[in-house]
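Asker: Below is the structure, and that's it, no one-letter string:
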């Protein structure tokens with residue numbers, strides 16, 4: 001359970017600096033101001049680059065603002081620093097603030113302390129959004145007062161304040177990233193899940209150990225009364241679970257589990273001894289494609305079952321679930337060519353998963369901000385699956401070099417998404433699939449992967465007008 005109303009009293013007149021005026025930072029500013037904190041704001045951007053809503057809020061409420069590289073003369077004047085997820089914890093000013101005795105937390109931690117409710121939290125390199133959305137659907141089907149929050153879109157802090165209204169506690173289904181988790185110290189979900197762990201965000205965490213350490217914080221405060229759902233088929237994820245004091249529940253697509261969720265003869269099963277194993281649904285009833293989505297469904301089933309939801313409700317919700325936007329999302333069929341938007345595929349592993357799901361005859365559009373990844377695995381997945389590779393973005397040349405090293409030469413470079421979609425449509429024949437799965441973040445060209453994905457879909461639809 002989250003903390004009591006006493007924390008709101010504790011925040012009154014507390015001097016707090018919120019760093020980063022993105023979606024979560026803006027929500028934190030409003031939440032803290034409304035709870036009576038003395039709030040200041042800091043962002044590396046200049047005033048003209050901030051959104052009008054936060055500029056107006058800061059002006060109307062006369063908040064102290066530090067912009068464009070400006071910093072407070074001393075951090076000793078603050079009790080707490082709240083970092084937005086995009087702000088690295090090893091930034092020079094964070095070190096100064098720690099030395100001055102400031103408490104350093106993030107938006108997720110602040111939201112947890114303020115909220116009235118219970119958390120199911122999901123992390124991992126890939127599959128978080130699909131699994132979180134599916135768990136949210138199951139919770140709602142079970143009649144629970146539910147708020148789906150975190151990386152999936154709605155800031156946790158906004159929902160945390162809303163949770164205080166209503167006759168019953170809120171059930172938060174939270175997609176949480178390594179960036180959010182590394183600034184937690186009391187966050188204690190009733191059910192947590194680690195879906196997988198593959199290289200990502202190494203430009204931020206620098207090493208896989210540091211990345212794994214951040215992910216493992218999802219279970220750091222759990223105890224024997226809580227549950228940790230973990231992918232038995234992923235050695236790195238299972239290794240992280242060894243640190244947990246929670247009851248560890250494995251799920252597996254490849255092996256039958258003595259306890260946990262597994263696939264047996266094409267059926268998703270859950271076994272909690274001494275009860276008999278129970279069937280959830282058949283894998284061929286899923287509307288979301290690919291082996292990775294069987295894993296996501298197993299994880300969602302386990303999260304929901306150990307949260308206390310009946311198997312029949314879980315199975316019905318899984319059968320009805322149609323997937324999420326930007327994750328191998330079917331967009332259009334034009335002249336016998338199918339177009340898929342996988343803009344959420346922001347790392348190599350996610351792109352390889354998408355290629356395996358669509359199997360073959362693929363024209364792949366990729367590229368963007370590579371986040372210091374090694375693209376060898378992606379390059380080695382191209383032959384036999386991909387007919388042509390169409391690249392864009394800042395690190396396109398790195399992907400091209402890896403592809404050529406792997407012997408793949410059908411490569412085209414374009415300046416923008418319009419050019420990529422046009423080129424892909426020229427290269428594709430009836431029965432082919434055009435897949436946007438960038439294997440990269442969008443930040444070099446777009447403000448988010450959502451904007452990139454919607455632009456791709458607009459470009460595809462414009463083909464029908466030509």
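Answerer: That came in fine, so what should we check first? Just so you know, these numbers come straight off a predicted model, no measurement behind them.

Asker: Following element in sequence after the helix-or-strand element of the chain with minimal mean pLDDT, please.
Answerer: Every helix and strand of the chain was ranked by mean pLDDT, DSSP states H and E. The lowest is helix 202-205, at a mean of 60. Scanning forward in sequence from helix 202-205 by DSSP states H and E, the next helix or strand is helix 208-216.

Asker: Show me what that following helix is packed up against.
Answerer: Where contact means 3 or more Cβ pairs under 8 Å, 6 or more residues apart in numbering; DSSP states H and E, helix 208-216 is packed against helix 178-181, helix 202-205, helix 235-241. From N, CA and C alone the C-beta is placed, and that goes for glycine too.

Asker: and those, which one's lowest on average pLDDT?
Answerer: Note on these: helix 202-205 shows the lowest mean pLDDT, a mean of 60.

Asker: any low-confidence regions in the stretch 201-350 of the chain?
Answerer: Along the stretch 201-350 of the chain, the parts satisfying pLDDT under 70 run over 201-206.

Asker: returning to what we had before: pipe the helices and strands packed on helix 208-216 into CSV and attach distance to residue 266 and mean neighbour count per row.
Answerer: Output for those, formatted as CSV (distance: least, Cβ to Cβ, whole Å; neighbours: other Cβ atoms under 10 Å):
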stretch, distance to residue 266, mean neighbour count
helix 178-181, 34, 24
helix 202-205, 37, 18
helix 235-241, 24, 18
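
Asker: export those helices to a markdown table and tack on distance to residue 71?
Answerer: Output for the helices and strands packed on helix 208-216, formatted as a markdown table (distance: least, Cβ to Cβ, whole Å):
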| stretch | distance to residue 71 |
| --- | --- |
| helix 178-181 | 21 |
| helix 202-205 | 21 |
| helix 235-241 | 35 |
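
Asker: Relative to residue 193, which of these is closest?
Answerer: With Cβ to Cβ as the measure, helix 235-241 is the member of those nearest residue 193 (9.4 Å).

Asker: Might one say that residue 126 is in contact with residue 293?
Answerer: No. Here residue 126 lies out of contact with residue 293, judged by Cβ atoms under 8 Å, at a distance of 10.9 Å.

Asker: circling back: for the helices and strands packed on helix 208-216, which one sits closest to residue 23?
Answerer: Closest approach to residue 23 among those (Cβ to Cβ): helix 178-181, 12.3 Å.

Asker: Name every strand pairing with the helix or strand following the closest one and say which way it goes.
Answerer: For helix 178-181, the following helix or strand on the C-terminal side (DSSP H and E) is strand 191-194. Next to strand 191-194 in the sheet, as set by DSSP bridges, lie strand 117-123 (parallel), strand 227-231 (parallel).

Asker: Mean neighbour count and distance to residue 41 added to those strands, as CSV?
Answerer: CSV is the format used below for the strands paired with strand 191-194 (neighbours: other Cβ atoms under 10 Å; distance: least, Cβ to Cβ, whole Å):
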stretch, mean neighbour count, distance to residue 41
strand 117-123, 27, 27
strand 227-231, 27, 36
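
Asker: Of all these, which one is nearest residue 144?
Answerer: Closest to residue 144 of these is strand 117-123 (Cβ to Cβ; 9.5 Å).

Asker: The helix or strand following that closest one relative to strand 227-231, how many degrees between them?
Answerer: Note on strand 117-123: by DSSP H and E, the next helix or strand toward the C-terminus is helix 128-141. On the basis of axes from the mean of the first three to the mean of the last three Cα atoms, to 10 degrees, helix 128-141 is oriented at 140 degrees to strand 227-231.

Asker: Helix 128-141: which residues count as buried?
Answerer: Neighbour-count burial for helix 128-141 flags 128-139, 141 (criterion: 16 or more other Cβ atoms under 10 Å).

Asker: now the residues you listed as CSV including distance to residue 150 and pLDDT?
Answerer: Output for those, formatted as CSV (distance: Cβ to Cβ, whole Å; pLDDT from 0 to 100):
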residue, distance to residue 150, pLDDT
128, 8, 91
129, 9, 90
130, 14, 91
131, 12, 96
132, 7, 96
133, 11, 94
134, 14, 97
135, 12, 98
136, 11, 97
137, 16, 96
138, 17, 98
139, 14, 98
141, 20, 97
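
Asker: Tell me the one among those residues nearest to residue 226.
Answerer: When those are compared against residue 226 (criterion: Cβ to Cβ), the nearest one is residue 135, at 15.9 Å.

Asker: could you measure that closest one against residue 306, distance?
Answerer: Separation of residue 135 from residue 306 (Cβ to Cβ, to the nearest Å): 11 Å.

Asker: circling back to that earlier point, which one's more surrounded, residue 126 and residue 293?
Answerer: residue 126 (26 against 23; other Cβ atoms under 10 Å).

Asker: how about low-confidence regions in the stretch 351-466 of the chain?
Answerer: In the stretch 351-466 of the chain, residues with pLDDT under 70: 466.

Asker: how about a cut-off of 90?
Answerer: Applying pLDDT under 90 to the stretch 351-466 of the chain flags residues 357, 464-466.

Asker: on that earlier part again, distance to residue 357 for the strands paired with strand 191-194 - can I get that in CSV?
Answerer: Formatted as CSV, the strands paired with strand 191-194 follow (distance: least, Cβ to Cβ, whole Å):
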stretch, distance to residue 357
strand 117-123, 20
strand 227-231, 17
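
Asker: for those, which one sits closest to residue 208?
Answerer: Among these, the nearest to residue 208 by Cβ to Cβ is strand 117-123 (15.0 Å).

Asker: pLDDT on that closest one, on average?
Answerer: Strand 117-123 comes out at a mean pLDDT of 95.
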